[in-house]
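# Here is a sequence together with a model predicted from it:
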Amino acid sequence: MNSRDCYVLTALRKVNGDMGTIVLRLMRDMPNGALPADKLRELAAIFDDLARLLANRASEVDPADGQPLVVEGGTE
């Protein structure tokens, strides 16, 4: 395994390992019975970053057009 793959797997492990705690905090901190928008945005940003990391690594391993893929951020 090369250092780039190790980095990607470490990032995945970190998010996976923290997911239970994140979900419990979201469940605990629900003002007026609704999920807090700011926390949802923070979580979305984490997943956006992770998605970009995975897509870029996939393009490094098997480039479709010879260029690394850059996934644009943004959630709706």
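That came through fine. Residues are numbered from 1 along each chain as shown.
# Quick check: buried residues in the helix or strand hosting Ala51?
Element membership for Ala51, per DSSP states H and E: helix 37-61. Under the neighbour-count criterion of 16 or more other Cβ atoms under 10 Å, helix 37-61 has 43, 46, 56-57, 59 buried. Yep, even glycine has a C-beta here, placed from its N, CA and C like the rest.
# Could you export these to CSV, including columns for distance to Ala37 and pLDDT?
As requested, these are exported to CSV (distance: Cβ to Cβ, whole Å; pLDDT from 0 to 100):
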residue, distance to Ala37, pLDDT
Leu43, 11, 91
Ile46, 15, 91
Asn56, 28, 90
Arg57, 30, 92
Ser59, 32, 87
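# which of the residues you listed lies closest to Asp29?
When the buried residues of helix 37-61 are ranked by distance to Asp29 (Cβ to Cβ), Leu43 comes first, at 12.3 Å.
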